[in-house]
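>>> With the sequence up front, the predicted model follows.
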Amino acid sequence: MNKAEKNELLDFVCSPFFNKNKELILLYKELLRAFSLLREVIDEKKIYEKVSTEKFTEQKLRYLLSDLNLLIEHFFSVKKWDEHADLKKQLLIENLSQKKLNKYVQQHQQALLLNTEKNLLQDSDFLGIKLHSEESSFKFASEYDNRSVDSRLQKLSDSIDVYYLAKKLKYACEMINRRNVLQVNYSIHFIDEIKAFLKSSDFLKVPAISLYFHILNSLLEPEEEKHYRALKSGLTLHKNVFSKTELRDMFTFAQNYCIRRLNTGQSNFLEEIFSNYEFLLEEKIILVNNNLSQFDFKNIVTIALRLHKYVWVQKFINSYISFLPLSERKNAEVYNLSRLYYSNGETKKALQLMQNVEFTDIYYHLDAKVLLVKIYYDTSSTESLLPLFTSFKNYLQRNKKVSDYQQLTYQNFLKTVVKMFNYKLFDKGNLEAIRSTLLEAKNIADINWLKEKSAELV
């Protein structure tokens, strides 16, 4: 917790509405003081004696700590609760209804329904709020306003259908995606019936249903590009009716579709991936708490460099490096600028820049070594490349943070580069065997670069 949240918790613990045990107030204050002094070992007995007049036992202290823990959990629940104004309103209506305060029930119901109608967001979570609102309205009508029961019941039924279809499609997409990637078997009931029903229904006018329907079809019928086009068009059209989080998730499906098509040799989808990234950046959808992931940062640079958008990459690095967490900026800036210089043919600048920094992050360290291999390969620097091969292999073998998958992909990369380098300089080896291996290869780092360089060999 940060300082502000610790102070909020102190106010909560001191509130007689939430806590009537003064010992818990003293205990929390003592713990705050002890932690502020950065003590590695806390004297439990001394703390207990400052909190309670009773004789110290470990069991009594555990009881107090348990009660304080429950109070802290309650604090977090209340904080989260305050973020959900519509849910609070619904429960208020239920409470007022139980107390037969019908005048106030109607007032709050009308306000809640009006708020849901005006709400710009229409994501799957909002549809759940709307459903609860319609249900509350129907319950009141069935008891106190028989004239509006039928219309309320119809609206409730429609809301149930909309919510079910949106959530069903959303998680069906997730299940199919995980099945495709991780080979996990799921039983996805009624999906064929839902698809057939939606094709001739007005439910596709609901943005959440429409977009997840297009995602579903793009997963089930990847050869039909029209599903992706409909999804992309819908995401652009409905960008203001979904939360940033849900939009990010939807765009992930779109990007994964493009990557799959790209991997089948359809190079035009590289431009699609770039176009989607541009949109995500312009609309700030890709930012989480105003931060950009270092992995997204790297992926964006990778795609743009493959399209030879060198000026764009320079502007991107300058504009967005400040959106990375401070601890990640130096590595990200140096590594990605080095890649830009290398791609632009400025190998000396790339080499000089990388030699002036120690990459602390394992991912950057590995990728920086790959970039050095590329530079030394291109410049035929035998005296630099051979020692690098040795140090790279040793790093892979000795660093316990390197995963088995990383070991495999980078070792395969090095083996292939060695074969290509021997052929390039000494005309040793079978070039066709190298190219054939790359065509069938899996689990090789930077395979596109390897294919490009093998094509240059004659």
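Yep, it's here.
>>> other SSEs contacting the helix-or-strand element of the chain with minimal mean pLDDT?
In the chain, no helix or strand scores lower on mean pLDDT, DSSP states H and E than helix 102-118, which sits at a mean of 79. Helix 102-118 is packed against helix 85-98, helix 124-144, with contacts defined by 3 or more C-beta pairs under 8 Å, 6 or more residues apart in numbering; DSSP states H and E. Glycine gets a C-beta too; all of them are placed from N, C-alpha and C.
>>> So what's the model's average confidence on the longest one?
If I follow you right, that is helix 124-144. Mean pLDDT, helix 124-144: 85.
>>> same check, this time on the first one
Across helix 85-98, pLDDT averages out at 83.
>>> Which strands and helices lie in contact with that helix?
Judged by 3+ C-beta pairs under 8 Å, 6+ apart, the packing partners of helix 85-98 are helix 102-118, helix 124-144.
>>> Using neighbour counts, pick out the buried residues of the first one.
So the one you mean is helix 102-118. Neighbour-count burial for helix 102-118 flags 105-106, 108-109, 112-113, 116 (criterion: 16 or more other C-beta atoms under 10 Å).
>>> Tell me which of the helices and strands packed on helix 102-118 sits most buried.
Of all these, helix 124-144 has the most neighbours on average by mean count of other C-beta atoms under 10 Å, namely a mean of 19.
>>> can you list the domain ranges for this structure.
Following automatic domain parsing, one finds the domains of the chain at 3-81, 86-166, 361-458.
>>> Format these as CSV; extra columns: distance to L204.
Formatted as CSV, those follow (distance: least, C-beta to C-beta, whole Å):
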stretch, distance to L204
domain 3-81, 34
domain 86-166, 10
domain 361-458, 38
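>>> Which of these sits closest to L219?
Closest to L219 of the domains of the chain is domain 86-166 (C-beta to C-beta; 16.6 Å).
>>> buried set for the helix or strand where I194 lies?
Element membership of I194 [criterion: DSSP states H and E] is helix 191-199. Within helix 191-199, the residues that count as buried by 16+ other C-beta under 10 Å are 194, 198.
>>> Point out where the stretch 301-450 of the chain drops to low pLDDT.
Low-confidence segments of the stretch 301-450 of the chain (pLDDT under 70): none present.
>>> repeat that with 90
Scanning the stretch 301-450 of the chain for pLDDT under 90 picks out the ranges 354-361, 400, 425-431, 436-437, 439-443, 448.
>>> Helices of that one, start to end?
Under the criterion DSSP state H, counting those that start in this stretch, the stretch 301-450 of the chain contains helices at 310-320, 326-343, 347-354, 362-378, 382-398, 404-426, 431-440, 447-456.
>>> Quick check: mean pLDDT of stretch 34-47?
Regarding stretch 34-47, the rounded mean pLDDT is 77.
>>> which helix of this structure spans the most residues?
helix 149-182 (DSSP state H).
>>> hang on, the earlier thing: nearest to R261, of the helices of the stretch 301-450 of the chain?
Comparing those under C-beta to C-beta, the one sitting nearest is helix 447-456, at 15.1 Å.
>>> What are the contacting residues of that closest one?
Here helix 447-456 makes contact (C-beta atoms under 8 Å, 6 or more residues apart in numbering) with 306, 374, 377, 413, 416-417, 420, 431, 434-435, 438, 441, 444.
>>> same thing with stretch 360-377?
Outside stretch 360-377, the residues touching it (C-beta under 8 Å, 6+ apart) are 294, 298, 328, 331-332, 335, 338-339, 342, 347, 350-351, 354, 359, 381, 384-385, 388-389, 391-392, 395, 399, 401-402, 406, 410, 413-414, 417, 420-421, 424, 445-446, 449, 453.
>>> Also stretch 111-123?
For stretch 111-123, the surrounding residues in contact (C-beta under 8 Å, 6+ apart) are 86, 89-90, 93, 126, 129-130, 133, 136-137, 206-208, 238, 240-243, 246.
>>> again, but for stretch 17-32
6, 9-10, 12-14, 42, 47, 50-52, 64-65, 67-68, 71, 74-75, 78.
>>> which among the residues you listed end up buried?
Buried residues within these, counting neighbours by 16+ other C-beta under 10 Å: 9, 12-13, 47, 51-52, 64-65, 68, 71, 75.
>>> Spatially, which two of these are the most separated?
Farthest pair in those (C-beta to C-beta) is S52 and F75. Separation: 21.9 Å.
>>> okay if I get the buried residues of helix 102-118 as a markdown table plus distance to A254?
Formatted as a markdown table, the buried residues of helix 102-118 follow (distance: C-beta to C-beta, whole Å):
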| residue | distance to A254 |
| --- | --- |
| V105 | 44 |
| Q106 | 44 |
| H108 | 40 |
| Q109 | 39 |
| L112 | 34 |
| L113 | 34 |
| T116 | 28 |
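>>> residues in contact with the closest residue in space to F197 that isn't next to it in sequence?
Once flanking residues are discounted, F197 sits nearest to F203: 8.0 Å by C-beta to C-beta, 6 or more residues apart in numbering. Neighbour list for F203: 161-162, 165, 197, 209 [criterion: C-beta under 8 Å, 6+ apart].
>>> most neighbours, which of those residues?
I209 (28 neighbours; other C-beta atoms under 10 Å).
>>> what pLDDT does it get?
Confidence at I209, expressed as pLDDT, is 97.
>>> can you check the one 3 residues further on too?
Among the per-residue scores, Y212 holds a pLDDT of 98.
>>> Neighbours of it, how many?
Y212: 26 surrounding residues under other C-beta under 10 Å.
>>> With adjacent residues omitted, what lies nearest to it?
Sequence neighbours aside, L169 is the residue nearest to Y212 in space, at 3.6 Å (criterion: C-beta to C-beta, 6+ apart).
>>> what about the residue of the chain most remote from its centre, which SS state?
No residue in the chain sits farther from the centre than K55, which is 50.8 Å out by C-alpha atoms, centre = their mean. Classification of K55 using DSSP: H, G, I helix; E, B strand; the rest coil returns coil.
>>> and it, what does it touch?
By C-beta under 8 Å, 6+ apart, K55 has no neighbours at all.
>>> Show residues contacting stretch 154-162.
Under C-beta under 8 Å, 6+ apart, the answer for stretch 154-162 is 127, 130-131, 134-135, 137-138, 203, 206, 209.
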